[in-house]
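Undergrad: A predicted structure for the sequence below; I have some questions about it.
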Amino acid sequence: MQSVTIFSLFIMGLSYGSTACMFSCMPFLTPLLVKNSTHLRQSFYVMLPFSLGRVFSYTLIAMMALSSSALIKTLLNDKTIFQTILGVFTMSMGIAMLYHIKSKKSQNCRTAHLTQKNQKSFFGLFGMGALISFNPCLPILTLIGLSANSGTVSNAMFMGMAFGFGAVMVPFFFYGFFLSSVIRGLLEEFKKYTRYIELFASMLLIVVGILVISGQVSL
């Protein structure tokens, strides 16, 4: 019976990730992919930490629901904290992209700081993915309800992971393969305008962060 519930949550997550969830990620992921879609591997470097952050949050929500479903519902309904942190994360990523574009450092200097830059990008993307998942929509409320009655922490954890991996599967391939390929093709066509396109994408990410903080773009 438990395996049926976990499989059902995976299918529900798959359905959720194929519709509203996929498009809610677009304002955050599209500017990042403009800057990081030169190669397919670069696109995966964006999508992997972002997706893992989302799976982490869904798993955490499920485990917290086992302890107190009322508490987790209250936290999800109060979006202010999550929106503020997500907005700050988003603006930080935009500012970092802007700095990287405008930087005139030598290739040697960039290479020396490559590991540190990748680590910061990973945690930034992970954080964005984690925070964007705190959304009190019907599928997540269903996850909370089922997890609250799961009986054990391990059952709740598997429920959250099943829902999470289902939810990130379609967006991962849509953004990682399809949209990044489209962006890569457009950048190739307008190669001489690449710098301006990347600057616009960085500014767009900063604007999205401001809109999230102000509540104009909701989770």
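TA: That came through, no problem. Residues are numbered from 1 along each chain as shown.
Undergrad: Show residues contacting stretch 32-42.
TA: With C-beta atoms under 8 Å, 6 or more residues apart in numbering as the test, stretch 32-42 has contacts from 43, 45-46, 93, 97, 100-101, 125, 175-177, 179-181, 183-184, 187, 197-198, 201-202, 205. From N, CA and C alone the C-beta is placed, and that goes for glycine too.
Undergrad: most centrally placed residue in the chain?
TA: Most central in the chain under C-alpha atoms, centre = their mean is G129, positioned 2.7 Å from the mean C-alpha point.
Undergrad: Provide a list of residues in contact with that one.
TA: For G129, the contact set (C-beta under 8 Å, 6+ apart) comprises P49, F50, S51, L52, G53, R54, F56, S57.
Undergrad: Quick check: closest non-adjacent residue to it.
TA: G53 (2.8 Å; C-beta to C-beta, 6 or more residues apart in numbering).
Undergrad: Which helix or which strand is home to that neighbour?
TA: helix 40-67 (DSSP states H and E).
Undergrad: Find the least confident helix or strand in the protein, judged by mean pLDDT.
TA: helix 107-112 (a mean of 44; mean pLDDT, DSSP states H and E).
Undergrad: how many neighbours does the nearest residue to F123 once chain neighbours are set aside have?
TA: Once flanking residues are discounted, F123 sits nearest to P49: 7.6 Å by C-beta to C-beta, 6+ apart. P49: 20 surrounding residues under other C-beta atoms under 10 Å.
Undergrad: Next: F44.
TA: F44: 16 surrounding residues under other C-beta under 10 Å.
Undergrad: from what I can see A130 touches G53, true?
TA: Yes - counting by C-beta atoms under 8 Å, A130 touches G53, with 3.8 Å between them.
Undergrad: Any chance you could list what contacts the helix or strand where G164 lies?
TA: If you go by DSSP H and E, G164 is part of helix 153-173. Residues from elsewhere that reach helix 153-173, judged by C-beta under 8 Å, 6+ apart: 2, 5-7, 9-18, 21-22, 25, 29, 47, 51, 54-63, 65-66, 133, 139, 143, 146-147, 150.
Undergrad: Just the buried residues of those.
TA: Buried by 16 or more other C-beta atoms under 10 Å: 5-6, 9-10, 12-14, 16-18, 21-22, 25, 29, 47, 51, 54-63, 65-66, 133, 139, 143, 146-147, 150, out of the contacts of helix 153-173.
Undergrad: picking that back up, report the mean confidence score over the helix holding G53.
TA: The pLDDT scores in helix 40-67 average 88.
Undergrad: Report the buried residues of the helix holding G164.
TA: The neighbour-count check on helix 153-173 (16+ other C-beta under 10 Å) flags 155-172 as buried.
Undergrad: swap in stretch 196-205?
TA: Neighbour-count burial for stretch 196-205 [16+ other C-beta under 10 Å]: I197, E198, L199, A201, S202, L204, L205.
Undergrad: For the first one, which non-adjacent residue is spatially closest?
TA: Going back to what we said before, that points to I197. Leaving aside its sequence neighbours, I197 sits nearest to V34 (C-beta to C-beta, 6+ apart; 6.2 Å).
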